[in-house]
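Undergrad: Got a sequence here, can you build the structure:
(chains A, B, C and D)
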Number of protein chains: 2
Amino acid sequence: MARLATVALEARKQPRQRRAQATVDAIMEATIQVLLEGGLQRLTTTRVAERAGVSVGTMYQYFPQKQALLFALLRRYMEKTAAAIAASCERSRGATIAVIAETLVGDFLDAKTTDMNVAQALHAVGMELATGNLLDEFGRANQAAIRGLLESAEDAVFDDPGAVAFALRATLSGTARAATRPDAKRYDTRALRHELQIMAAAYLKARARPRDAEAARR
Amino acid sequence: MARLATVALEARKQPRQRRAQATVDAIMEATIQVLLEGGLQRLTTTRVAERAGVSVGTMYQYFPQKQALLFALLRRYMEKTAAAIAASCERSRGATIAVIAETLVGDFLDAKTTDMNVAQALHAVGMELATGNLLDEFGRANQAAIRGLLESAEDAVFDDPGAVAFALRATLSGTARAATRPDAKRYDTRALRHELQIMAAAYLKARARPRDAEAARR
DNA sequence: ACCTGAACACCGTTCAAGT
DNA sequence: ACCTGAACACCGTTCAAGT
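TA: The predicted model follows:
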């Protein structure tokens, strides 16, 4: 099992004076700039401090390690999207499930897509683009397999099997990632599996025409 | 935009003799061991080479940078899961969509869950667990918001709103991650949004009882 | 063809000294 | 209370020399 040293990622010290707050702001802004400019590989403590116009020592007073910089950025991004999603839920409260489904999906994707530059840079943390290319490569392979499967269905025919396979694959692999998170509880994983099966079945049914109808038309 | 230096991640040199192949195998095995033992933070080229019983120079002959080690591991993992998924699709070929949905979801999750130790370690690349904790924290908040929304639906009542909210949230956030990948094409994103809305609507309908029936029973 | 390991440039982190 | 920057330990990567 991957054991990890327990590390403090939160700020070591809260800024108490105005100039200290300005320092923290400058560091965070510098982190974004350096990240967007050169990716994670070029994000060094020296570079961020230099861009922020402070010494490394000062930076370490507020961000006890390099990771804390990224952590703070991620926290800010997630606070923002969570607020947007909560607001969306508030808006469609009491609507029909059809409206709820449409609004929720739309607003959720919108929220996560805003500030996409930063989000992408954060997601890319670690293996950078290379990992993504690999994921895409196999994503396409899996999608092709699923598409072939859909086209073979005994009792249904799909008008756009490519789109359905695409959505199904994205949902599954995205969810699988969540399910394999280290702290995903066994219960959650099993429940999720059951719910996903219901979801996939309902989706396919909604997207398919019965094969009989097709045969009858010819 | 995050610009990245183009780097060769594939092996620099193919092993031609038997002892060279043994060297490559030893390095890959050592990488897994070091990764599972101490996480990404302790995965240094020196440590892997030492564990593999070769010099760093030898390692750099086959893996031109540190990332290439992880890349090779990830590739092996994905080849394995892709093969499992293809086999699953082959098995349920020609079945009904109900069977297809159930089999596909089940086998997909199984494939991605096998070798979970390595998968987790690979997923953890970069921000390690801290990121995950943050994701979970806001995941729970979003889930609670969605659950409240579902319970407020005008035309439906859910027997297990928590489970439905959990599945919906996992699907959405997992998919959003895929949609915000740098190379996700605009077309794909828009199509995915539409498909997800159909999926969510179909799922909610499958999971809900009409409110009238509930009112009538009382 | 394959391997070695000292050497180099650079990075994360600390801490005594300053205002 | 806040900031500085030289100093330290260590890491990724290279390359001349070996078998």
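Undergrad: buried ones in the longest helix that chain A contains?
TA: The residue-count maximum for a helix in chain A (DSSP state H) belongs to helix A:66-91. Judged by neighbour count using 16 or more other C-beta atoms under 10 Å in any protein chain shown, the buried positions of helix A:66-91 are A:67-75, A:77-78, A:81-82, A:84-86, A:88-89. (Each C-beta comes from the backbone N, C-alpha and C, glycine too.)
Undergrad: From the residues you listed, list the ones also adjacent to chain B.
TA: Restricting those to those adjacent to chain B (criterion: C-beta under 8 Å from any C-beta of the partner chain) gives A:67, A:70-71, A:74-75, A:78, A:81-82, A:85-86, A:89.
Undergrad: need the strands for chain A, in chain order.
TA: Shown for chain A, the strands assigned by DSSP state E span residues A:156-158, A:208-210.
Undergrad: Which strands border the first one, and is each parallel or antiparallel?
TA: So the one you mean is strand A:156-158. strand A:208-210 (antiparallel) (DSSP bridges).
Undergrad: How far off centre is the strand it pairs with?
TA: Mean-position distance between strand A:208-210 and its chain equals 32 Å (C-alpha atoms, centre = their mean, to the nearest Å).
Undergrad: So which elements touch the longest helix of chain A?
TA: Packing contacts for helix A:66-91, counted by 3 or more C-beta pairs under 8 Å, 6 or more residues apart in numbering or on different chains; DSSP states H and E, involve helix A:18-38, helix A:97-113, helix A:116-123, helix B:128-151.
Undergrad: picking that back up, return the most buried member of the strands of chain A.
TA: strand A:156-158 (a mean of 18; mean count of other C-beta atoms under 10 Å in any protein chain shown).
Undergrad: mind checking how far that strand is from the chain centre?
TA: Distance of strand A:156-158 from the chain centroid (C-alpha atoms, centre = their mean) equals 31 Å.
Undergrad: For it, which outside residues touch it?
TA: With contact meaning C-beta atoms under 8 Å, 6 or more residues apart in numbering or on different chains, strand A:156-158 is reached by A:150-151, A:164, A:204-205, A:207-211, A:214, B:96-97.
Undergrad: 10 Å - rerun?
TA: Strand A:156-158 is touched from outside by A:147, A:150-151, A:164-165, A:204-205, A:207-215, B:96-98, B:100, with contacts defined as C-beta atoms under 10 Å, 6 or more residues apart in numbering or on different chains.
Undergrad: Up against DNA strand D, what does chain A have?
TA: Residues of chain A lying close to DNA strand D by C-beta under 7 Å from any atom of the strand are A:13, A:15-17, A:19-20, A:22-23, A:54-58, A:60-61.
Undergrad: Show me how the record splits chain A into domains.
TA: Domain ranges of chain A: A:8-64, A:77-217, per automatic domain parsing.
Undergrad: Averaging pLDDT over each of those, report the lowest-scoring one.
TA: When these are compared by mean pLDDT, domain A:77-217 comes last with a mean of 75.
Undergrad: returning to that earlier point: weed out the non-buried ones from the residues of chain A next to DNA strand D.
TA: A:23, A:54, A:58, A:60-61.
Undergrad: Narrow those residues to those in helices?
TA: Short answer: those in helices (DSSP H) are A:23, A:58, A:60-61.
Undergrad: how many other residues sit next to residue A:164?
TA: The number of residues packed near residue A:164 is 22, by other C-beta atoms under 10 Å in any protein chain shown.
Undergrad: Run through the residues that contact it.
TA: With contact set as C-beta under 10 Å, 6+ apart, residue A:164 has these partners: A:146-147, A:150, A:158, A:203-204, A:206-208, B:195, B:198-199.
Undergrad: correct me, but residue A:35 touches residue A:72?
TA: No. At 11.9 Å, residue A:35 and residue A:72 do not qualify as touching, with contact defined as C-beta atoms under 10 Å.
Undergrad: For stretch A:155-167, list the C-alpha coordinates in CSV.
TA: Taking Å, rounded to 0.1, in the frame of the first residue of the first chain, the C-alpha atoms of stretch A:155-167 are listed here in CSV:
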residue,chain,number,x,y,z
ASP,A,155,-33.7,-6.1,-29.1
ALA,A,156,-32.8,-2.6,-30.0
VAL,A,157,-31.2,-0.4,-32.7
PHE,A,158,-29.5,3.0,-32.1
ASP,A,159,-29.8,6.0,-34.3
ASP,A,160,-26.4,7.3,-33.2
PRO,A,161,-24.5,4.4,-31.6
GLY,A,162,-21.2,6.5,-31.6
ALA,A,163,-22.7,9.2,-29.4
VAL,A,164,-24.2,6.7,-27.0
ALA,A,165,-21.0,4.8,-26.8
PHE,A,166,-19.1,8.0,-26.2
ALA,A,167,-21.4,9.1,-23.3
